[in-house]
Structures are given as structure tokens and as C-alpha cells.
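# Got a predicted structure here, sequence first:
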Amino acid sequence: MAGIATRYVTENELNNEMSIEELSRHAPALGILLMDKTKRDQTRRRFKKGYNFSEKQVFALISKQTAGQKKEGAVSNTPDTTQKVEPEEGTVNVKKDVEVIAKALSGTASNASAGLSRLTRLQRELKAFRASKKIISATFIPDITYSANKIQKENRLLRENEGIYYPDHFSLESVKERLDSYVVSNIPDKQALADVMIMLCIRPGEIKDLHIFNENVTGYGKNRDQQDIPRVFRSLEKNEEWAKQLLIWIQEAIFSRQLRDPGKPGVLWFNTFLKKDEFLPEIGKPLLPSSLRKLGAVFAVVSHGSKNLSEAMTIASEALRHSADNHVSPAKNYTIVNYRPRRVSYDRAKAFEFFDEN
């Protein structure tokens, strides 16, 4: 993110000869880009060493957050977008700033899919600050959306051909045995985290907010900034109360810092854990955090003993907490897994391809 911020400086021709007043006009845009203390500190150091900005100039561009703003996760420099912003001579047009930010975010991403993900996050941040639709519209880049959709389609076709393989350690039988044996009075480890993520088809970024109650689930990732509509609880673990206890066990460990947060952007420790030698499948690629969610969907289908394709799709979609109003069957993007029971050879694995009517 610091690289994106420095690109903003270059594109806006900022330099150390500008006055504090001139530089401070760009603080709202940089405030949107730099959403946590680490990023802000990194960028300040970059501005000092790379652009020779003085201490005062750096803090004019990136001011300190108050304790209250840090606690609430607010961005101290973000403009009040609830009011109509009129361009005036010598001021920065907020919509133009957002356009520059959007281009910087997407332009520095590794590919269009990653760029679209960044733009979606920016839109979410702007909505959180009640930005107008006109300002938010500046984040939409049709070419990025088109290219990202094309990449997603190509990746789906690739997954259809290859599928996900997993070792016996992450078979349904092994995961279920560990889930049944956990003692929630103990401190959970990375293995427990991985098993619970499989059990609930959890995205790393939503593990702290997920909530199970009365056969429903809320707090899932796709529901951000929208009405928190409960989804049906569906999991390989049929005992809702036990699943709830295991989830709370993991969440409390994360909040108390006994367990690191896998949803923190840029973390690699969980990927490294999944790439341990004993976790590598005999064929195929190592598992990723996103693979656990897909395994969970297939394991839920197997656990509930679906009788036909339609029922399998329903179970998978419920386990993944997809909207029942989505008739495009998005579950097929997640359930391409080469399923095999524990100790069954890889060549006897059955590919779960729910979209295949045959």
C-alpha cells in the first residue's frame, strides 16, 4: 500500500518545495489509502527518505490518528463526504482524488482480479464514511472488471480440469476426529484454527465476526456493509452447539492474541503452516487458506448424505452461506475438489463437479 501512496505523490507532482498548506490538501486522499498504523508509518518513512520531505511536511500529508479513531478503525484524514463537495480554486477535488486512488490501486495490483478486489475494498471504505454515490462511482473501472471476470472464468475452467487434492491429514474423517477431540478449555493452535475454518467454510477475513445462533449464521464476509441477513447453519459438524463452542474458542483466542489472526492482510504464516511437508498432497498443489473453505463445502455434502445433484448444490450453497436468491449456482466455483476418504489412493478420488448434470 505504501507503493500506491508514493505513486499518488508522483502522479500529483507533490514535492518538498510545496507549503504545509498545499500538502495538507492531499491528506484526505492519502487517508483513504492508508488505513492502519503500519501502512501510515511505512509511508512516512518512504516520504522522508525517498522524497526528502521534512517531518512537518510528512505529517501534513499523513497526520496522526487519535486514540478514538484507532479504536474504531477510522481514518483520521478522510473527508466528510456526507456533504456535497464543490471544487474551489486551490483545493483538491475529492472525486478526482478517488479516481487517482482507484487507478493506483488497480494499476499496481498483480493482476486484474487482485485489482478488482482492491477497488471493492476501497468502495467499502468509502461507504463506511457515507460518501456520495458520485464519489463512489469514481472507483468503477470497466476494463478492470471485465478482465477480472475473464480471469475468474479461466481459473474456474482450470479448477474444473485439475481440482484440489488433499492429504489424509485433511480428509473428512481426520478433520472430524480432531473436531470431536478438542478441549475448549485449552489454548487452540494453528491446526485447530484450520479445522474450524474447514468446519464452517470460513474465509480468513470473517473468522472474528461470524456468529452462530438458532440454526442461523451472521457476520459472514459477503454481508459487509449490508443488512445482516441470517443464513442457514450448514456444516460437516451437525451439532450446532458444538460448532458454536469451537468457533467462540477460536475467536476468543484471536482476541486475546493467543492465536494470530489469519484474516489480517498480507500475513503469510498460515500459508506456511499449510505447506508443511506432512500436509503436502502426493499430487497437485499445496493447500491454501481458500482451499479449506472449499473442502468444507464438499465435506458438508458428504456428511449430510445428499441423494442427488440438486440436494448437493443446496447443501454446498448453504455451507458457503450463499444467497438463496442467486440462481447462477455460485457453489460450483468452490466445490471442485477431488474427494477421497482417508487411506484411499489418489487415483480413486472422485471429482466433485456439481455443475455436471451427468
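Here it is on my side, so go on.

# Is the nearest residue to Val98 once chain neighbours are set aside part of a helix or strand, or is it coil?
Closest residue to Val98 in three dimensions, ignoring its sequence neighbours and counting by Cβ to Cβ, 6 or more residues apart in numbering: Ala138, at 4.2 Å. Heads up, the C-betas are built off the backbone N, CA and C, glycines and all. Under the three-state scheme (DSSP: H, G, I helix; E, B strand; the rest coil), the conformation of Ala138 reads as helix.

# Which of the three states applies to Arg260?
Under three-state DSSP, the three-state class of Arg260 is coil.

# Nearest residue to it in space, ignoring adjacent ones along the chain?
When the adjacent residues along the chain are set aside, Arg260 lies closest to Trp269, with 6.3 Å between them (Cβ to Cβ, 6+ apart).

# follow-up on the earlier one: give me the neighbour count for the residue nearest to Val98.
Look at Ala138: counted by other Cβ atoms under 10 Å, it has 22 neighbours.

# what's the answer for Gly115, then?
Gly115 is flanked by 23 other residues according to other Cβ under 10 Å.

# what packs against the regular element (helix or strand) spanning it?
Taking DSSP states H and E as the definition, one finds Gly115 inside helix 112-128. Applying 3 or more Cβ pairs under 8 Å, 6 or more residues apart in numbering; DSSP states H and E, one finds that helix 112-128 makes contact with helix 27-33, helix 94-107, helix 133-136, helix 142-162.

# again, only this time at 7 Å
Packing contacts for helix 112-128, counted by 3 or more Cβ pairs under 7 Å, 6 or more residues apart in numbering; DSSP states H and E, involve helix 94-107, helix 133-136, helix 142-162.

# Tell me how far it lies from the chain's centre.
Here the centre of mass of C-alpha atoms in helix 112-128, compared against the chain's by Cα atoms, centre = their mean, to the nearest Å, lies 11 Å away.

# Using PDB, list the CA coordinates for that helix.
Backbone C-alpha positions of helix 112-128 (Å, rounded to 0.1, in the frame of the first residue of the first chain) are rendered in PDB as follows:
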ATOM      1  CA  ALA A 112      -7.000  -7.600 -12.700                       C
ATOM      2  CA  SER A 113      -8.600  -9.900 -10.200                       C
ATOM      3  CA  ALA A 114      -6.400  -8.500  -7.400                       C
ATOM      4  CA  GLY A 115      -7.100  -5.000  -8.700                       C
ATOM      5  CA  LEU A 116     -10.800  -5.500  -8.600                       C
ATOM      6  CA  SER A 117     -10.500  -6.800  -5.000                       C
ATOM      7  CA  ARG A 118      -8.700  -3.700  -4.100                       C
ATOM      8  CA  LEU A 119     -11.300  -1.500  -5.700                       C
ATOM      9  CA  THR A 120     -14.100  -3.400  -3.900                       C
ATOM     10  CA  ARG A 121     -12.300  -2.700  -0.600                       C
ATOM     11  CA  LEU A 122     -12.000   1.000  -1.400                       C
ATOM     12  CA  GLN A 123     -15.700   1.200  -2.200                       C
ATOM     13  CA  ARG A 124     -16.500  -0.500   1.100                       C
ATOM     14  CA  GLU A 125     -14.300   2.100   2.900                       C
ATOM     15  CA  LEU A 126     -16.000   5.000   1.200                       C
ATOM     16  CA  LYS A 127     -19.400   3.600   2.000                       C
ATOM     17  CA  ALA A 128     -18.400   3.300   5.600                       C
END
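
# quick one: buried residues of it?
The neighbour-count check on helix 112-128 (16 or more other Cβ atoms under 10 Å) flags 112-116, 118-119, 122-123, 125-126 as buried.

# Report the separation between the residue nearest to Val98 and Ala114.
20 Å (Cβ to Cβ, to the nearest Å).

# about what we covered before: over to the residue nearest to Arg260: give its phi and psi.
With angles defined as degrees, to the nearest 10, Trp269 sits at phi -60, psi -30.

# can I assume Ala192 is in contact with Ser181?
No. Because the distance of 10.1 Å does not satisfy Cβ atoms under 7 Å, Ala192 is recorded as not touching Ser181.
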